[in-house]
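Participant: with the sequence up front, the predicted model follows.
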Amino acid sequence: MLKKNDIFEVEIADMNFLGFGVAKIDGCAVFVSGAVAGDRARIRIIKVCRTYAVARTESILLPSPHRIEDGCAVSASCGGCAFRAVNYDYERSLKESAVKQSFIRQGLRDVTVAPLTSDGRAAHYRNKAQYPVRRGADGKTVIGFFAAKSHRVLECADCALQNEAFAPIVEDVRRFVDEKQISVYDEESGNGLLRHIYLRIGEATGEIMLCLVLHGTALPHADEFAARISERFPAVKSLFLNFNEADTNVVLGDRYELLAGKPYIEDILCGARLRITPQSFYQVNRGAAELLYKKAAALAALTGRETLLDLYCGIGSIGLSMAHKAKRLIGIETVASAVECAKENAAQNGIANAAFYCGDAADTEQLLRAARDAEGDFRPDVVILDPPRKGCAERLLADLEKLGAGKIVYISCNPETLARDAKFLTANGWDMGTVYPFDLFCRTGHVECCTAFEKNI
């Protein structure tokens with residue numbers, strides 16, 4: 001029986017999506033931090049549970065052929081880059097296999113999964129970053145990312161996944177905070193002002209949004225800060241304060257104050273110029289998102305005669321990329337500011353056949369109420385679904401058939417919930433096509449997928 005602090009020499013047979021190597025000892029699965037599939041390693045057991053154990057790598061006796069040099073000073077503690085220590089070909093194979101296994105676990109063994117598509121970038125692809133700010137034991141301001149399974153902040157302003165424009169801005173915010181002796185948030189006491197630094201960039205335009213998240217009602221020296229940022233970083237076109245005084249792990253509060261510039265930044269995606277507000281959803285990897293949306297458009301196979309219903313539409317990016325091939329586009333989103341952005345995006349791109357409404361996808365009647373009030377009863381020929389990680393409610397999936405939809409194009413950021421929803425749909429008269437995985441989150445344990453369902457008449 002395994003015991004804490006036992007040491008073993010093992011062969012690492014596999015990896016999971018948290019970046020742990022997987023070994024077997026006396027039939028027990030052992031998840032090993034710092035290990036890569038193919039390694040022979042000396043490991044120390046640090047936790048024993050009823051059905052598995054957790055270990056850390058003491059030393060690598062024989063490195064895996066998949067292993068590469070990490071090059072990141074904090075990756076071992078951060079845990080964000082699950083696959084940073086393996087070559088990209090192996091990461092691709094792991095992600096393709098994980099998508100297949102998600103469907104197999106739902107009993108859908110005959111599903112075809114295409115090879116993973118990537119835009120070729122494994123670094124500096126993220127157009128959005130949220131940096132927690134804390135005070136270190138030495139009194140210095142620490143800005144970076146939370147260590148895995150903790151709220152300890154690791155110093156790291158220049159993460160290799162983030163856009164390279166972010167690090168200099170973060171460092172200048174740090175200097176300003178120290179120069180003006182602005183307090184930073186302390187979770188234990190609930191005191192302190194600055195909680196997070198939030199950045200977004202439109203890759204095609206170069207426009208940057210900077211938002212400081214405050215545990216308070218005002219930023220000292222706010223006008224001086226705004227003038228300093230505008231002078232030193234002219235690409236920052238939108239500067240916000242966000243106010244979050246709640247005792248919560250949620251980064252952003254509900255209230256924003258525009259400190260300088262525009263209330264949005266813009267980017268260009270699939271030929272459409274898009275306005276992005278601080279609270280709007282926008283894919284973090286623009287290059288791979290374009291490839292994903294082009295595949296979604298191909299699966300929709302619009303001819304110009306269809307009504308396209310875009311649920312969870314956000315700022316309208318997916319639907320607007322297809323609107324020129326549809327008779328009309330109806331988009332529905334729960335975030336009111338995103339709906340306004342979608343309307344503005346349609347207008348500035350000269351798209352006259354699109355309308356956007358606010359509704360909650362968890363309640364189909366409420367979801368469609370505003371659209372029906374304006375449009376009357378309508379029959380969507382094609383439905384675009386791009387839900388959050390939890391996937392779709394069964395009620396919504398069942399109601400799509402009642403609406404008369406003939407095709408669903410489903411974009412998912414979680415293969416597990418996609419497979420679960422696919423099981424429901426295929427059991428209720430829908431035929432499923434090939435699943436296309438896309439790597440919007442290189443080096444991490446996440447993968448996006450796109451597939452289509454057609455009603456079996």
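Facilitator: Nice, I can see it. Numbering: from 1, shown residues only.
Participant: contacting residues for Tyr410?
Facilitator: When the contact criterion is CB atoms under 8 Å, 6 or more residues apart in numbering, the partners of Tyr410 are 385, 418, 421-422, 450-453. For every residue, glycine as well, the C-beta is placed using N, CA and C.
Participant: for Ile330, helix, strand, or coil?
Facilitator: Three-state assignment for Ile330 (DSSP: H, G, I helix; E, B strand; the rest coil): strand.
Participant: please name the bridge partners of it.
Facilitator: Leu309, Ala355 (DSSP bridges).
Participant: longest helix anywhere in this structure?
Facilitator: Looking only at the chain and at elements set by DSSP state H, the helix with the highest residue count is helix 88-105.
Participant: report the buried residues of the next helix or strand after it.
Facilitator: Note on helix 88-105: by DSSP states H and E, the next helix or strand toward the C-terminus is strand 128-135. Neighbour-count burial for strand 128-135, counted by 16 or more other CB atoms under 10 Å, picks out 128-129, 131-135.
Participant: Asp381 reaches Leu308, doesn't it?
Facilitator: Yes. Taking contacts as CB atoms under 8 Å, Asp381 lies within contact range of Leu308: 7.2 Å.
Participant: which residues are in contact with the closest residue to Phe20 other than its chain neighbours?
Facilitator: Spatial nearest neighbour of Phe20, excluding adjacent residues (CB to CB, 6 or more residues apart in numbering): Phe31 at 4.1 Å. By CB under 8 Å, 6+ apart, the residues touching Phe31 are 16, 18, 20-22, 52-55.
Participant: one step back: now the longest helix of the chain: mean pLDDT?
Facilitator: Confidence over helix 88-105, taken as the mean pLDDT, stands at 95.
Participant: quick one: buried residues of that helix?
Facilitator: 88, 90-92, 94-96, 98-100, 102-103.
Participant: need the residues that contact that helix.
Facilitator: With contacts defined as CB under 8 Å, 6+ apart, helix 88-105 is touched by 15, 17, 37, 66, 83, 86, 109, 111, 113, 115-116, 118, 122, 415-416, 418-419, 422, 435, 437, 439, 442-443, 447, 449.
Participant: elements contacting the biggest strand by length in the chain?
Facilitator: Criterion DSSP state E: the longest strand present in the chain is strand 52-62. Here strand 52-62 touches strand 7-11, strand 21-25, strand 28-33, strand 40-48, going by 3 or more CB pairs under 8 Å, 6 or more residues apart in numbering; DSSP states H and E.
Participant: rerun at 7 Å
Facilitator: Packed against strand 52-62, as judged by 3 or more CB pairs under 7 Å, 6 or more residues apart in numbering; DSSP states H and E, are the following elements: strand 28-33, strand 40-48.
Participant: could you dump the ones you listed to JSON lines with distance to Thr303?
Facilitator: Listed next are these as JSON lines, based on distance: least, CB to CB, whole Å:
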{"stretch": "strand 28-33", "distance to Thr303": "50"}
{"stretch": "strand 40-48", "distance to Thr303": "56"}
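Participant: nearest to Glu394, out of those?
Facilitator: Closest of these to Glu394 is strand 28-33, at 31.9 Å (criterion: CB to CB).
Participant: export the closest one as CSV, just CAs?
Facilitator: Below are the C-alpha coordinates for strand 28-33, written out as CSV (Å, rounded to 0.1, in the frame of the first residue of the first chain):
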residue,chain,number,x,y,z
CYS,A,28,-2.9,2.5,-8.5
ALA,A,29,-2.9,5.5,-10.7
VAL,A,30,-0.3,8.1,-9.6
PHE,A,31,-0.3,11.7,-10.9
VAL,A,32,3.2,13.1,-11.0
SER,A,33,4.0,16.8,-11.1
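Participant: circling back to that earlier point, buried ones in the longest strand of the chain?
Facilitator: Using 16+ other CB under 10 Å, the residues of strand 52-62 that count as buried are 53-57, 60.
Participant: what's the following helix or strand after whichever strand or helix holds Pro437?
Facilitator: Using DSSP H and E, Pro437 sits within strand 436-438. Downstream of strand 436-438, the next assigned helix or strand under DSSP H and E is strand 448-455.
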